[in-house]
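Trainee: would you be able to build a 3D model of this:
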Amino acid sequence: MRSEGKGRNRKPKAGGARQLPLRASEKSAPAGSHPSPLTPHSSLDFATPAVAERLAKLGLGRLSDLVLHLPLRYEDETRITPIHAGLSGDTVQVEGTVVNTEVKFRPGRQLICEVEDGSGRLTLRFFNFYESQRKALASGARVRVMGEIRQGFFGAEMVHPRFKVLRNEAAPLPQALTPIYPTTAGLGQETLRKLAARALQDADLGDPLPEPVRRKLKLAPFAESVRALHNPAPDADAAALLGHTHPAWRRIKFDELLAQQLSMRLHHERRNRTRAHPLLQHSQLSKALLASLPFRLTRAQDRVLAQISTDLTRPHPMQRLLQGDVGSGKTIVAALAALQAVESGYQAAVMAPTEILAEQHYRKFSSWLAPLELQVAWLSGSLKKKDREKALAATQSGDAPIVVGTHALFQDEVVFRKLGLAIIDEQHRFGVHQRLALRMKGGRNEREVRPHQLMMSATPIPRTLAMSYYADLDVSVIDELPPGRTPVATKLVSDTRRDDVVQRVRDACIAGSQAYWVCPLVEESEVLQLQTAVDTFDNMVSTFPELRIGLVHGRLSAQDKAQVMAGFQAGAIQLLVSTTVIEVGVDVPNASLMVIEHAERMGLSQLHQLRGRVGRGAQSSACILLYQSPLSDNARERLRIIYENTDGFEIARHDLRLRGPGEILGSRQSGVPLLRFADLEKDLDLLDAAREVAAQLLRDHPAAAERHLERWLGGRQELLKV
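Mentor: Next up, the predicted model:
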């Protein structure tokens with residue numbers, strides 16, 4: 001079947017059935033001839049420039065790319081369903097005769113076609129169409145149509161179905177499931193099927209996996225697997241193909257995970273061949289800081305600090321991820337690591353993604369290190385020229401051994417005298433090139449030497465995610481909270497009880513506590529009619545003139561934000577109305593109550609982070625999640641999970657299940673190729689096996705490992721984990 005009417009923004013233009021475009025040299029080839037075999041990973045030189053351009057949009061530039069461009073799903077075109085038997089919501093194939101076709105203009109220009117098969121009548125509706133389609137669907141034409149049945153105003157209808165005009169009354173039905181590929185505008189399914197067939201014919205489908213390894217893991221051969229997925233056999237298990245549990249799918253998912261693990265291991269080995277300054281394990285500054293603190297480190301903090309300290313003594317760059325739940329005490333560990341760099345004669349840079357979080361780090365580092373007579377420089381985009389020049393000079397001269405800031409730290413004008421350690425908080429929020437730019441600032445004339453790197457995340461990474469996307473990192477986990485922290489009671493409250501919640505906030509503030517009221521938007525939106533921070537602030541001020549109320553959001557100037565936050569931390573502000581800019585970094589022990597507006601619209605990680613802003617003192621704390629009905633199934637599930645769980649790792653596991661790895665990793669900026677086929681929750685056994693096989697291939701079969709990486713990544717492995 002042709003794929004018709006795709007791309008709602010394209011202008012209709014004439015055109016017939018699409019054929020696989022070939023170059024002139026191939027068109028003139030004698031009948032029965034065959035083009036010379038292409039190299040294993042050859043470019044798609046048999047496609048016209050127009051088709052090649054569209055393939056490039058899908059990331060397809062080689063034969064092996066097309067081989068691995070596997071179907072999103074399959075459709076069953078092996079049978080015909082009578083029109084009267086098609087149920088609303090079912091995707092079915094019908095066959096009938098066109099009885100009427102016309103272009104209507106209300107509402108909007110659309111092509112309406114009516115088809116009968118003797119059992120009933122079906123309306124086909126096209127909002128974007130070609131003139132060739134209108135002609136093909138002329139009255140009397142015999143058509144085979146595939147699409148989803150809907151109940152419209154005039155009965156059963158299909159919107160933008162795929163159709164084929166039958167020139168032969170006895171046109172045979174396919175004998176197997178029809179693959180449906182990921183595509184882009186102007187690239188039809190029929191063209192993709194022909195391209196895939198050509199790639200399967202010409203590409204090198206050799207199996208780089210050693211036969212004993214393949215048999216031990218009970219995996220199907222590679223060539224057999226890709227052929228089965230592109231061209232399912234008539235007797236293939238349709239449910240297994242659709243559910244990605246077919247043996248062919250398992251082989252592809254294993255190969256994808258293996259390519260990822262190989263890339264990560266190779267990156268780890270390359271890093272171990274890169275030079276770094278060994279930082280000596282002096283203890284005077286660290287001992288002085290620990291002695292001045294009003295608390296003792298937990299056992300978990302001591303453990304991860306020892307791991308970091310040992311890494312820093314090595315002559316190759318540390319690349320360690322420090323994870324810990326909200327409030328677990330990652331910042332003091334980072335400060336002690338920074339002191340190891342300072343005691344060794346080097347500088348440490350601390351970078352955070354938002355100005356509020358970066359300033360929190362600056363204030364903490366300054367208060368901890370001032371008694372040690374260590375200068376901490378502050379760099380952000382909002383600094384006045386005079387202050388910025390002063391901070392830049394202190395950074396370049398080394399007078400400031402520790403520099404804290406936002407994205408401003410990796411600008412060209414920032415020059416470190418001798419950078420030994422880069423600390424990146426909430427690292428998944430930074431782009432891959434931003435992290436690389438900071439790491440490259442090893443000091444003048446020392447480009448070949450890299451600073452050590454400590455990345456921190458308050459968003460716990462599920463085990464499967466860490467095994468997959470962080471396989472090239474060393475991971476430390478702070479798995480306990482400091483003593484004295486009180487559990488936060490989570491309450492789900494309907495928006496209809498807003499007045500009760502408002503009164504509870506007032507009572508808490510009058511009693512001497514402080515509270516947050518978090519809203520998702522700054523200004524009113526016509527699309528999302530949500531309660532806004534500005535409106536809430538105005539309402540609270542007019543309702544409770546006896547309370548001292550502050551407002552903070554991302555559009556305030558840095559100076560105004562800093563002033564409001566300082567007032568809240570000092571207790572001068574009792575109620576802080578804010579957007580989600582206070583998600584991380586804010587530490588006010590006296591704040592014991594948080595209200596989150598429209599909690600049903602927020603993600604699990606964000607809700608957990610926000611909830612972590614309270615419960616930092618000795619008094620009992622609560623987080624009220626205000627939601628608005630009706631709730632979608634997904635929103636109901638998120639609220640249930642956050643209500644039932646306080647463990648960040650358990651919440652992260654559910655988050656991975658609901659959202660997939662892309663959102664959690666911030667992978668649109670991470671540079672890490674996302675998994676297309678494997679599911680980290682369902683395919684954990686394959687991930688474990690891939691980790692073992694990756695080590696075995698690199699040790700015993702390096703040429704096979706190289707072939708495997710070339711097939712799957714084609715040189716793009718250099719993007720991984722800078």
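Trainee: biggest helix in the chain, by residue count?
Mentor: For the chain, the helix with the greatest residue count under DSSP state H is helix 247-272.
Trainee: buried ones in it?
Mentor: Buried residues in helix 247-272, counting neighbours by 16 or more other CB atoms under 10 Å, are found at 248-267, 271. All C-beta spots, glycine's among them, are computed from the backbone N, C-alpha and C.
Trainee: so what does it touch, helix or strand wise?
Mentor: Here helix 247-272 touches helix 222-230, helix 238-242, helix 463-469, helix 684-700, helix 702-712, going by 3 or more CB pairs under 8 Å, 6 or more residues apart in numbering; DSSP states H and E.
Trainee: mean confidence (pLDDT) on the third one, please.
Mentor: So the one you mean is helix 463-469. Helix 463-469 shows a mean pLDDT of 71.
Trainee: angle of the helix or strand that comes right after it against helix 247-272?
Mentor: Heading C-terminal from helix 463-469, the first helix or strand you meet, by DSSP states H and E, is strand 474-478. Interaxial angle, strand 474-478 versus helix 247-272 (axes from the mean of the first three to the mean of the last three CA atoms, to 10 degrees): 90 degrees.
Trainee: tell me the buried residues in strand 474-478?
Mentor: Buried, per 16+ other CB under 10 Å, within strand 474-478: 475, 476, 477, 478.
Trainee: same check on stretch 178-190?
Mentor: In stretch 178-190, counting by 16+ other CB under 10 Å, buried: 178, 179, 180, 181, 183, 187, 188, 189, 190.
Trainee: in these, find the pair that's most separated.
Mentor: Taking CB to CB as the measure, the buried residues of stretch 178-190 span a maximum distance of 16.5 Å, between 178 and 187.
Trainee: for residue 661, report the pLDDT, please.
Mentor: Model confidence at residue 661, given as pLDDT, is 63.
Trainee: picking up where we left off before, figure out which of the helices and strands packed on helix 247-272 is closest to residue 393.
Mentor: Short answer: helix 463-469, nearest of the helices and strands packed on helix 247-272 by CB to CB, at 39.3 Å.
Trainee: and the closest one, which residues are buried?
Mentor: Buried residues in helix 463-469 (16+ other CB under 10 Å): 463, 464, 465, 466, 467, 468, 469.
Trainee: repeat for stretch 354-373
Mentor: 354-366, 368-369.
Trainee: against residue 496, how distant is the residue nearest to residue 604 when sequence neighbours are not counted?
Mentor: Of all residues not flanking residue 604 in the chain, residue 655 sits nearest, at 4.4 Å (CB to CB, 6 or more residues apart in numbering). Distance, residue 655 to residue 496, using CB to CB, to the nearest Å: 28 Å.
Trainee: can you pull the contacts of residue 283?
Mentor: residue 343 (CB atoms under 8 Å, 6 or more residues apart in numbering).
Trainee: how much space separates it from residue 250?
Mentor: 52 Å.
Trainee: again, but for residue 313
Mentor: Distance from residue 313 to residue 250, by CB to CB: 44 Å.
Trainee: residue 502 now?
Mentor: Distance, residue 502 to residue 250, by CB to CB: 55 Å.
Trainee: got it, and residue 133?
Mentor: For residue 133, the distance to residue 250 equals 40 Å [CB to CB].
Trainee: what of residue 538?
Mentor: 58 Å.
Trainee: so which helix or strand takes in residue 190?
Mentor: Going by DSSP H and E, residue 190 is part of helix 189-202.
Trainee: which is the next helix or strand following that helix?
Mentor: helix 211-216.
Trainee: report the buried residues of that next one.
Mentor: Buried-residue list, helix 211-216, by 16+ other CB under 10 Å: 213, 214.
Trainee: so how far is it off the chain centroid?
Mentor: 34 Å (CA atoms, centre = their mean, to the nearest Å).
Trainee: now do it: everything it contacts.
Mentor: Contacts of helix 211-216 (CB under 8 Å, 6+ apart): 207, 221, 693, 696.
Trainee: could you do stretch 685-696 as well?
Mentor: The contact list for stretch 685-696 (CB under 8 Å, 6+ apart) reads 209, 213, 217, 250, 253-254, 257-258, 260-262, 265, 464, 467-468, 471, 678, 680, 705.
Trainee: go with 7 Å
Mentor: 213, 217, 250, 253-254, 257-258, 261-262, 265, 464, 467-468, 678, 680 (CB atoms under 7 Å, 6 or more residues apart in numbering).
Trainee: mind checking the SS state of residue 94?
Mentor: Secondary structure, DSSP: H, G, I helix; E, B strand; the rest coil: residue 94 is strand.
Trainee: ok, how many other residues are close to it?
Mentor: The number of residues packed near residue 94 is 28, by other CB atoms under 10 Å.
Trainee: got the contact list for it?
Mentor: By CB under 7 Å, 6+ apart, residue 94 lies in contact with 80, 81, 83, 86, 117, 122, 145.
Trainee: let's see 8 Å
Mentor: 80, 81, 82, 83, 86, 115, 117, 122, 144, 145.
Trainee: neighbour-wise, give me the winner out of those residues.
Mentor: For these, neighbours tallied by other CB under 10 Å; top is residue 115, 27 neighbours.
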